[in-house]
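*Asks:* Sequence and predicted structure, then a few things I'm wondering about:
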Amino acid sequence: MAPPPGSKPENTFKRAQELIGVGQSSAALSLLHEHVVSKRTRNSPIAALEPVMLLFVELCVNLRKGKLAKDGLYQYKNTAQNTNVGTIELVFKKFISLAEAKVTEAQAKADEIQSTLEPGDAQNVDDLEASETPESILLSTVSGEQSRDRTDRAIVTPWLKFLWETYRTVLDIFKNNARLEIMYQTTAHQAFQFCSKYARKTEFRRLCELLRNHLQNAAKFSSQMHAINLSDPDTLQRHLDTRFQQLNVAVELELWQEAFRSVEDIHTLLNLSKRPAKNIMMANYFEKLTRIFLVSENYLFHAAAWSRYYNLLRQSAAAVASGQSLKKDNPSVTEADMTKAASYVLLSALSIPVISTSRSRGALVDVDEARKNKNSRLTNLLGMSQAPTRAILFKDALSKGLLSRAREEIRELYNILEVDFHPLSICKKISPILAKIGADEEMKKYVGPLQQVILTRLFQQLSQVYDSVQIQFVLDLAQFPDPFQVTTGMIEKFIMNGCKKGDLAIRVDHAAGILTFDSDVFSSAKAMHPGTSAGSAESDKSSVQRLQSTPAEIVRSQLTRLAKALYVTCQYVDPAFNEERIKAKEAALLRTAEGAEQEHQETLARRDIIHRKKEAASNALAAKEKEEATRKRIRAQQVLEAETNRLAEEQREREKKRLLAEQQRVQRAEIEKQLDELKKGTKIDIDIPTDISELDSTRIRAMKLAALEKEKNILGEQLRIAGKRIDHLERAYRREEVKHLQKDYDEQKKRDQAAYEKAKAEELRESEQKHTEDVALKHRLSRLVPVYQTFINDVREQRKTEFEKRRRAAEKELQAKMAARVKEVKETRAREKKAREEQERMEREAEEKERAEAEAKATAEEERRQQLAEIKAKRDEERKHLDEKAALQRQREEEAEAKLLAKKKGLAPERPVSRDLPSDRAPPAIGSSGRAPLVLSGNKPSWREREAAKASSSQSQAPVESEAPAAAAPPARRPGAFVPPALRRGEDGSPAPPGAPGGGWRAREGSGRGREPRDESPAVGGRYESPAAGSRFAPSAARGSFRDSGDRNRTQSPATAGKFTAPALRGRQEGREADEPREAPLPPPQASSDGKYRPGMFKRTQG
C-alpha cells in the first residue's frame, strides 16, 4: 500500500512495524520502498530516515528482493551523500552483513540436513553391508550429482546468488564517488573474499571485469561531481591494494588469465602513481608473476621475474639494515629466504630451453612481429629496459654472486650445463642432481624443461666430437632417474624440432640406426636472424665450450679472417703505409687540440641557448595551458549554465504537460469508469459516442436513466409474453399426461419387482460364496493358533520380566530422590528459620531506632512550641498598635463620607467635633450656590442624579433639623433591590458608618471585617443561607481574608507588620488564651452527591 502523500518517516516506520507484526512483510516492504523512492523523502531529515532504511534493507534481505534494495539504496545515497556519509556506510554495511549472515545460516542448515541424510555413526545405519540406499541409487540414475550438491543447490545457492548481487549492487552504487571511495574498496575486498571462500570462479571473472570497467569510467568521467581523482596518491594506493588482492585471489583460484590481466592493471596503476610502490607490494607482485609465467610455460620471463624478485629482496634487506626504509614496508628477509631465492633464480635460468618449443613454422613476419609485441609487453610488466635473454640473465646472476648463495646441487648443475664439456658423461653426472630436484615438490616443476636443455647440450657437444653416432649409443647416454625417463620417440621429436628451428643439423637413418651430424659448409646452424620465434633462446655467441669450429662456421667467417690477415700483412710489408697512418693520426690529434677550446666554448654557448629556449618554451607552454584552462573553465561554466537553464525549462514544460495529461487522464478514467458501470448495470445496448471526451457526468446520468427505463419496459413485456406462453404450455402438458398415468404406473411396478428379484438372488449367491471362503480360511488358520499363543506368551513373559526390572530400578531411583528431597527440605527450613530470626532482630533494632527518633522529635516539638509562644506575645503587641491606627483611619473616612453625602444632598455638612473649623470656612452647599447643570435634549439624568432628586424632594417635605444635616429616610425597598452606598442607613436611620456593610473598601479592610454576608440570592430573589464561617464557600466577611488566618483582631496584612507565620503553625500553638478564637476544623467528608446544590450543604459542623 502506498504511504499517504507527505507522510513522515516516523509514521511510515511505525506502520511498517505494525504490518510486520501481523505477518505482512511483503506489504511492509512495498510501503517502505514507495516511501524511500518518493521525491518528498529527499527533504526528510537523515536522522529520521535512517531507521526506515535499516528496516528496509532487513526486509529486502529476508525476502530476497535485490532489485527493490538497489532502487532504495541508490535513492538514499543521492539523498545523504552531501550531508552525512556515515549513515550511508552504516546502512550499506548492515545490508552486506545481513546477506552474509543469511548465507552462513543457509550453510548451517544444509550441513544439518546433510548430517541427517548421511549419519556418521554406525548405530543409525540399518544395514552395514549395504553401501548405498535405494533412494541414493534411484537419484544417481537420473542425476549425476550427489546428495550434498543437491542440498546446496536447493538451500545455499539462492543465498549465494543474493550475496553476489548484494556486492554488485553496492559496487555499482559506490563507483566513481570520492566520498564513498573507502567503502567501495572495502566492499571489493569482501567480494574477493567471497569468491575465494566459496570458489566462485565465474563470479570472480565478472567481478574483475566490473572493477576494470569502473576504473575506465572513472578516468573517462573525471569531471563529474564527487568523481575520484586518480592523481591523488591515497586514492591510487587504495586501488593498488585492491588490485593486489585481486591478483592473490586469482592465483589462489588458479585463474591464470585473470591473474595476468590483474598484473597488467597493477602495472598501469603503477605508471600512473607518483608515489613509488612499497617493496612488500612489489615483492608480492613479482612472486605472483613467477607463478603466472611458470603456468604459461614462458620460462624465459619466469626466470626474469625470479631475478627481479631476488633483486628486490636484496634492496629491501639493504634498506632495512641501513635504516633508510621502515621494516613494515619491506618483506621480511632471512638468510634462508635469500638462499632459496638465489637457487630459484639460477634454476629457472638453467631451465630456459635453448631450442624454442613454440609451434611456429619458420620466421614468418607476422608471427615474429606478434612475438616482439608480446615480449615488449612482458618486459614492461617486469620493469626492465630491454627484453631478457638467457645470456643476460646468467651474466646478471654471476655479477651479483648468486652462485655462492645458491644450493650446492644447483651450482653443480650450472657448472655441468654451462661450463664443463663432457658429452659422454653429462647425463650421468646430472642424474643425481635431478633426483634431488625431483624430491622437492616446488622444484619438481623444473625437471621437464631441464631435460630439454640437457638434451640440447648433449647433441651440441656430440656434434663437435663425432660426425655420426648410433641411435642406441645416444639412448644409452640419455639416461635419467627413474621417474623422469625419456623414450626413443621423445628424443626423435626433440631432434626434429631442433632441426626445424635451425639449432641442430642432424639426419636420422632409421634403417642403419645412425644419427649423422651435418657438415655441409653451406648449411646454417642457426636461423636466419636471432631472437625470432624460430631461432634459439641463446645469442649468437654460444655459451657451449667448443673444441673446434664447424665447416659451416669456417666458411661463414672466411672473408672476415682474410681481411684481418691482409691488414696485418700491409703493416709489415709496406713501411709507407704505417708512416701515412701515423701522420694522419698525428694530424687528427693536432686538429683536435687546436679546436678543442673553441668547440668547448661553442658547446657551452649552445647549451645556454638551448636552456633559454627551453625556459621560453616552457613559460609559453605554461601560459598557453593556463589560458586554455581558463577558457575551458569559462566555456564549461557557460555550457553548464545553459544546460542547467535548458534542463530547468524542459522540466517545467514536462511538469506542465504531465499535469495536463494527468488531469485529462483522470477525467477520461472517470468517464470510462462511469461508462463501464453503465454497461454493467444495464442489459441493453447503449449508443455511446466515439469521442468520449465530449461526455460529462450529466449526459452520462441522463443516458443511464434512459437505459434503465428502456430496460424496465423491455423486461416487463418479456415477462408478460413468457408467462402467457408457459401457462398455455403447462395446461397442454397436463391434459396429455392424464391419459398415460395408469399405464406408466403398471410398467413401473413390473420393473421394480424384477429388480428386486434380481438383487435378492445376487445377494444370496454372494453370501453363500463368502461363507464358504470364510469357513475354509478358518480351517486353514486354525493350525496357527497354538504357535501364535506360544509367541504371545513368550512376549508377555519377556515384557513382564523387563517391566519388573525397570520397576525395581525406578523404585530405587525414587527412594534416592526422596531422600535427597527430604535433605533439601530440611536444609531449606533451617535457612528460612535463620533468615526469619535475622529479620526479627533487624525489626527490633529498627523499632528501637524509631522510638529514639520519636523522643528526639517530641523534644524538638516542645522547644518549637516555646518559641511560638514568644512570637505570639510579640505579635499581640504589634496588633494592638495597628488597631489604634485603624481606628484613626476609620474616623477620617467617616468624616470624608459625611462630607461627600452632604455635597450630594446640596446641604453644607457640619464640621465634626474633632476638626473644630469655623462656620465661615465651611464649603458651600451644592444646591445653594453654583451653576445648575445644563439640561440638554437627549441628556438623561443618571440614576445617581435621579436618586439625589428623590432624596431632595422628600427632604423638602419633611422637617429639617438645624443642628445636623440629615437625609430623609429612604423609601421602602423590596427585598433584593439595589441601594447605593450613599443612601444606606443604619438601624436608627443615621448614615451608615464607613465600616458598616456597604461602606468603602478602605473602611472594610481597615476594620478587619470583610463584606457582610448576603441573606438572599439576587438571581432568584429568595432567601440565601450563608455557609458557615471558615468554609471556602463563605463570603469574605465570614471567611475572612489573609488578615484573619491567624487572628481575627488583626487589621493589616503581614507586609505592614513585617512578620509572617506559616499556615501550618497558625492556630496550632499550645498555651493560647481560652478566649482566643481557634481555627475551625476541616469539614467532615460529605456523602456522595447527585451534583445539585442545596442550601447549607457546605456548612461546617462545630465541635
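*Replies:* Arrived safely. All values reported here derive from a predicted model rather than from experimental measurement. Numbers count the residues shown, from 1 in each chain.
*Asks:* List of residues touching stretch 51-67?
*Replies:* Stretch 51-67 has contacts (Cβ atoms under 8 Å, 6 or more residues apart in numbering) with 9, 12-13, 16-17, 20, 25-26, 28-29, 32-33, 35-36, 68-69, 72-73, 76, 87, 90-91, 94-95, 98-99, 102, 158-159, 162, 165-166, 169. Bear in mind the C-beta positions are built from the backbone N, C-alpha and C, glycine included.
*Asks:* Return a PyMOL selection command for the buried portion of these.
*Replies:* With 16 or more other Cβ atoms under 10 Å as the criterion, this PyMOL line picks the buried residues out of the contacts of stretch 51-67:
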select buried, resi 9+12+13+16+20+28+29+32+33+35+36+68+69+72+73+76+87+91+95+98+99+102+159+162+165+166+169
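*Asks:* The contacts of stretch 51-67 in helices, which ones?
*Replies:* Members of these lying in helices (criterion: DSSP state H): 9, 12-13, 16-17, 20, 25-26, 28-29, 32-33, 35-36, 68-69, 72-73, 76, 87, 90-91, 94-95, 98-99, 102, 158-159, 162, 165-166, 169.
*Asks:* what comes up buried for the helix or strand harbouring Gln464?
*Replies:* In the assignment (DSSP states H and E), Gln464 maps to helix 447-465. Within helix 447-465, the residues scored as buried using 16+ other Cβ under 10 Å are 447, 449-464.
*Asks:* Show me how far that helix is from its chain's centre.
*Replies:* With Cα atoms, centre = their mean, to the nearest Å as the basis, helix 447-465 stands 65 Å off its chain's centre.
*Asks:* Stretch 379-398 too?
*Replies:* 51 Å.
*Asks:* Okay, now it: how far is its last residue from its first?
*Replies:* End-to-end distance for stretch 379-398, by Cα to Cα, to the nearest Å: 21 Å.
*Asks:* got the buried residues for it?
*Replies:* Of all the residues in stretch 379-398, those buried under the rule 16+ other Cβ under 10 Å are 379, 381-382, 387-394, 396-397.
*Asks:* Out of these, which comes closest to Glu797?
*Replies:* Nearest to Glu797 among these is Leu381, at 88.2 Å by Cβ to Cβ.
*Asks:* next SSE after the host helix or strand of that closest one?
*Replies:* Following DSSP H and E, one finds Leu381 within helix 365-382. Proceeding C-terminally, helix 365-382 gives way to helix 390-399 as the next helix or strand, assigned by DSSP H and E.
*Asks:* tilt between that following helix and helix 447-465?
*Replies:* 100 degrees (axes from the mean of the first three to the mean of the last three Cα atoms, to 10 degrees).
*Asks:* Just list what the helix or strand that comes right after helix 390-399 packs against, helices and strands only.
*Replies:* Downstream of helix 390-399, the first helix or strand assigned by DSSP H and E is helix 402-405. On a contact count with 3 or more Cβ pairs under 8 Å, 6 or more residues apart in numbering; DSSP states H and E, helix 402-405 meets helix 335-350.
*Asks:* Which neighbouring elements make contact with the helix it packs on?
*Replies:* helix 299-322, helix 390-399, helix 402-405, helix 408-414.
*Asks:* Can you get me a residue count around Val474?
*Replies:* By the other Cβ atoms under 10 Å criterion, the neighbourhood of Val474 contains 18 residues.
*Asks:* Would you mind measuring from the residue lying closest to Trp164 once chain neighbours are set aside to Lys288?
*Replies:* Distances taken as Cβ to Cβ, 6 or more residues apart in numbering place Glu203 nearest to Trp164, at 5.3 Å, with adjacent residues excluded. Distance, Glu203 to Lys288, using Cβ to Cβ, to the nearest Å: 21 Å.
*Asks:* again, but for Gly502
*Replies:* 35 Å.
*Asks:* do His771 as well
*Replies:* 92 Å.
*Asks:* Look at these two and report which has more neighbours.
*Replies:* Neighbour count, other Cβ under 10 Å: between His771 and Lys288, Lys288 has more, with 22 against 10.
*Asks:* quick one, the helix or strand containing that one and helix 299-322 angle?
*Replies:* If you go by DSSP H and E, Lys288 is part of helix 279-295. Put simply, helix 279-295 runs at 160 degrees to helix 299-322, going by the same axes, to 10 degrees.
*Asks:* now helix 279-295, how far from the chain's geometric center?
*Replies:* Relative to where its chain is centred, helix 279-295 has its mean C-alpha point 37 Å off (Cα atoms, centre = their mean).
*Asks:* Over to stretch 332-348?
*Replies:* With Cα atoms, centre = their mean, you get 47 Å for stretch 332-348.
*Asks:* Please point out which parts of it sit buried.
*Replies:* 333, 338-348.
*Asks:* Which residues does it contact?
*Replies:* 290, 299, 302-303, 306-307, 309-310, 313-314, 316-317, 320, 397, 402-403, 405-407, 410-411, 413-414, 437, 443, 446.
*Asks:* circling back: any idea how far the residue nearest to Trp164 is from Arg238?
*Replies:* 22 Å.
*Asks:* Determine the longest helix present in this structure.
*Replies:* helix 785-905.
*Asks:* Now do that helix: distance to the chain's middle.
*Replies:* That offset, for helix 785-905, works out to 51 Å (Cα atoms, centre = their mean).
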